[in-house]
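Colleague: return atomic coordinates for the entry below.
(4 chains)
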4 protein chains.
Amino acid sequence: MKQYVFKIIMETRDYECDSQGVVNNANYLHYLEYTRHKWLQSRGESFQQWHNEGIDVMLSEVKLKYKTPLYGQEEFVSCLNVRREGARFIFEQDLYRRSDLKLCLQATVTAVSLVKKRLSKGDEVAYLLGLE
Amino acid sequence: MKQYVFKIIMETRDYECDSQGVVNNANYLHYLEYTRHKWLQSRGESFQQWHNEGIDVMLSEVKLKYKTPLYGQEEFVSCLNVRREGARFIFEQDLYRRSDLKLCLQATVTAVSLVKKRLSKGDEVAYLLGLE
Amino acid sequence: MKQYVFKIIMETRDYECDSQGVVNNANYLHYLEYTRHKWLQSRGESFQQWHNEGIDVMLSEVKLKYKTPLYGQEEFVSCLNVRREGARFIFEQDLYRRSDLKLCLQATVTAVSLVKKRLSKGDEVAYLLGLE
Amino acid sequence: MKQYVFKIIMETRDYECDSQGVVNNANYLHYLEYTRHKWLQSRGESFQQWHNEGIDVMLSEVKLKYKTPLYGQEEFVSCLNVRREGARFIFEQDLYRRSDLKLCLQATVTAVSLVKKRLSKGDEVAYLLGLE
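Modeller: Below is the predicted model of the structure:
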């Protein structure tokens, strides 16, 4: 497994599976969002609090590679790296099945920030995230 | 607007919005899946029926560009093109806000097919879809 | 079928089904909410607009009777009656499979209203809804 | 707090909140289902495995009382009791906010069982659950 700045163990839930018996493709975006929010929380920050203060983070681009499907009640490790590229924040997020660390999903999530509903150069969020 | 082989008018639902007041990023994948299934239905086919017959279509890759957020109770036009590339089926799917046809989401969805749970070269699905 | 003040035709979506192949129990609450919002919309009102004006409607009680499961891509008729009982608004909401009008779900949904985040006696909402 | 045969600590997720900033009413049914499945898992059983063996558990009735709304990233304790009444299995399920043990949701969930898609008197499931 690569090196990541943040990892959490998660578990799929039966209601996230569709009639093919595997996690529906949309729910992976929930896992990724949840992981980003837990990462923020681990740093004492919260998207909701930022929103209340007029700072919003919006996704601009997502690339997903579905490698191995996850089934119901399966544990996985959700891993995150992040870097800044100008006004954009790039999250590299990978999910591994916990039992054998097989790669299940590879994602690149790009976000931009809005301050008082206007597109920002990213300095406020970079400061809050401790990113240069 | 580009030319598409299939278009439907959809509408966002309030429960699809998050606390930022806009449609949560994951729900766009639901819109895209729904559109693919309606397209199939318009051709007399159904993923569920295929599943029962041992043919499964699985996503292998998704690329999303979020252009303009959709709000609750907003109508949009969901558009689809599809082509085959060997074993892969590539769906170009774009969502436009209905009121002014502003582009909201640009997606490229790549799927592969399984026949009796084994990866297929795609001939069965290409035949069912009328793709060369 | 009983008499209702509001009816719409809806259709289940494949992603709403779980691995038993039927619509997951939670999604019926989405159908019911969507129907209430469409009913409001048909009267020129919107929960979102009320929320922005400081009026919130919150559910206090829900009773659901699951009569017949709905499958993917099935059409159903979503029906609504509403009455006021003091501070409470009672929605009788029934879902019928469209093909044979078989009753699928029987629901009683009770809501209360908040004005500027304080529990209201319901007069503002009753006025907006045209209920006595 | 009452006595329960099963309790787990859960946490709300931001994507489960709607534009009012609180957990959308439908997601509580997900929490309740998840809790029942974890309870089963704690007994070495699984609904999915039962489904594969021809035993399905279907909800027939749900009563929910929403007492106090849950916000994003809030921990709660999900509690369960269960009893058999003939062919029916009655789950009493309560959710308490973790910070102060305030009651958030009170639910009574009634389920019936199907064996090979036919309504059962419940003996198979009662045996698997260790209920008389």
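Colleague: so which residues of chain A form helices?
Modeller: A:27-42, A:47-52, A:123-129 (DSSP state H).
Colleague: columns mean neighbour count on top of the ones you listed, output as CSV?
Modeller: (C-beta placed from N, C-alpha, C; glycine too.) Formatted as CSV, these follow (neighbours: other CB atoms under 10 Å in any protein chain shown):
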stretch, mean neighbour count
helix A:27-42, 21
helix A:47-52, 17
helix A:123-129, 16
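Colleague: least reliable of these going by mean pLDDT?
Modeller: Sorting those by mean pLDDT places helix A:47-52 lowest, at a mean of 87.
Colleague: which elements pack onto that one?
Modeller: With contacts taken as 3 or more CB pairs under 8 Å, 6 or more residues apart in numbering or on different chains; DSSP states H and E, helix A:47-52 sits against helix A:27-42, strand A:55-66.
Colleague: what's the closest of those to B:H30?
Modeller: Closest to B:H30 of the helices and strands packed on helix A:47-52 is helix A:27-42 (CB to CB; 9.9 Å).
Colleague: before we move on, back to that, turn the helices and strands packed on helix A:47-52 into CSV, including distance to C:F89.
Modeller: CSV is the format used below for the helices and strands packed on helix A:47-52 (distance: least, CB to CB, whole Å):
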stretch, distance to C:F89
helix A:27-42, 32
strand A:55-66, 33
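Colleague: these: which one's closest to chain C?
Modeller: helix A:27-42 (9.1 Å; CB to the nearest CB).
Colleague: elements contacting the closest one?
Modeller: Using 3+ CB pairs under 8 Å, 6+ apart, helix A:27-42 sits against strand A:6-11, helix A:47-52, strand A:55-66, strand A:75-85, strand A:88-97, strand A:103-115.
Colleague: ranking those by mean pLDDT, which is last?
Modeller: Among those, helix A:47-52 carries the lowest mean pLDDT, at a mean of 87.
Colleague: and that one, C-alpha only, in CSV?
Modeller: Taking only C-alpha atoms (Å, rounded to 0.1, in the frame of the first residue of the first chain), the coordinates of helix A:47-52 have been written out as CSV:
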residue,chain,number,x,y,z
PHE,A,47,-17.1,21.7,6.2
GLN,A,48,-20.3,22.5,7.9
GLN,A,49,-18.6,25.1,10.2
TRP,A,50,-16.8,26.6,7.1
HIS,A,51,-20.2,26.8,5.3
ASN,A,52,-21.6,28.7,8.2
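Colleague: how far is it from where the chain is centred?
Modeller: Here the centre of helix A:47-52 is set off from its chain's centre by 17 Å, with CA atoms, centre = their mean, to the nearest Å.
Colleague: residue contacts, the residue of chain A most remote from its centre?
Modeller: Relative to the C-alpha centroid of chain A, counting by CA atoms, centre = their mean, A:S19 is the outermost residue, at 25.4 Å. Applying CB atoms under 8 Å, 6 or more residues apart in numbering or on different chains to A:S19 gives the contacts B:Q48, B:H51, C:D14, C:C17, C:D18, C:S19, C:Q20, C:G21, C:G72.
Colleague: what residues does stretch A:107-117 touch?
Modeller: By CB under 8 Å, 6+ apart, stretch A:107-117 touches A:28, A:32, A:36, A:54-65, A:87-95, A:119-120, A:122, A:124-125.
Colleague: now do the buried residues in that stretch.
Modeller: The neighbour-count check on stretch A:107-117 (16 or more other CB atoms under 10 Å in any protein chain shown) flags A:A107, A:V109, A:T110, A:A111, A:V112, A:S113, A:L114, A:V115 as buried.
Colleague: closest one to D:M1 among the helices and strands packed on helix A:47-52?
Modeller: helix A:27-42 (26.5 Å).
Colleague: report the angle between that closest one and helix B:27-42.
Modeller: Taking axes from the mean of the first three to the mean of the last three CA atoms, to 10 degrees, one finds helix A:27-42 and helix B:27-42 inclined to each other by 180 degrees.
Colleague: not counting helix A:27-42 itself, show me its contacts.
Modeller: With CB under 8 Å, 6+ apart as the criterion, helix A:27-42 contacts A:5-6, A:8, A:10, A:12, A:16, A:46-47, A:62, A:64, A:66, A:76, A:78-80, A:82, A:91, A:93, A:95, A:105, A:107, A:109, A:129, B:24-26, B:29, D:13-15, D:73.
Colleague: give me the angle between that helix and strand B:55-66.
Modeller: 50 degrees.
Colleague: tell me, what residue is most central in chain A?
Modeller: Note: chain A centre (CA atoms, centre = their mean) maps to A:L32, 3.2 Å.
Colleague: what distance do you get for that residue to A:G122?
Modeller: 20 Å (CB to CB, to the nearest Å).
Colleague: follow-up on the earlier one: write the PyMOL selection for whichever of the contacts of helix A:27-42 are buried.
Modeller: Buried residues among the contacts of helix A:27-42 (16+ other CB under 10 Å), as a PyMOL selection:
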select buried, (chain A and resi 6+10+12+16+47+62+64+66+76+78+79+80+82+91+93+95+105+107+109+129) or (chain B and resi 24+25+26+29) or (chain D and resi 13+14+15+73)
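Colleague: what parts of chain A come near chain C?
Modeller: Residues of chain A found near chain C (CB under 8 Å from any CB of the partner chain) are A:D14, A:Y15, A:C17, A:D18, A:S19, A:Q20, A:G21, A:N24, A:A26, A:G72.
Colleague: ok, the second one - contacts?
Modeller: Contact criterion CB under 8 Å, 6+ apart gives C:D18, C:N24, C:A26, D:H30, D:E33, D:Y34 as the residues in contact with A:Y15.
Colleague: switch the cut-off to 6 Å
Modeller: Going by CB atoms under 6 Å, 6 or more residues apart in numbering or on different chains, A:Y15 touches C:D18, C:N24, D:H30, D:E33.
Colleague: kindly indicate which of those lies nearest D:L101.
Modeller: Nearest member of the contacts of A:Y15 to D:L101, counting by CB to CB, is D:H30, at 21.7 Å.
Colleague: for the closest one, give its distance to C:F76.
Modeller: Going from D:H30 to C:F76 by CB to CB gives 21 Å.
Colleague: next one: A:L131, what pLDDT does it get?
Modeller: Looking at A:L131, its pLDDT stands at 86.
Colleague: residues near the residue nearest to it when sequence neighbours are not counted, how many?
Modeller: Nearest residue to A:L131, sequence neighbours excluded (CB to CB, 6 or more residues apart in numbering or on different chains): A:R84, at 4.5 Å. By the criterion of other CB atoms under 10 Å in any protein chain shown, A:R84 has 15 neighbours.
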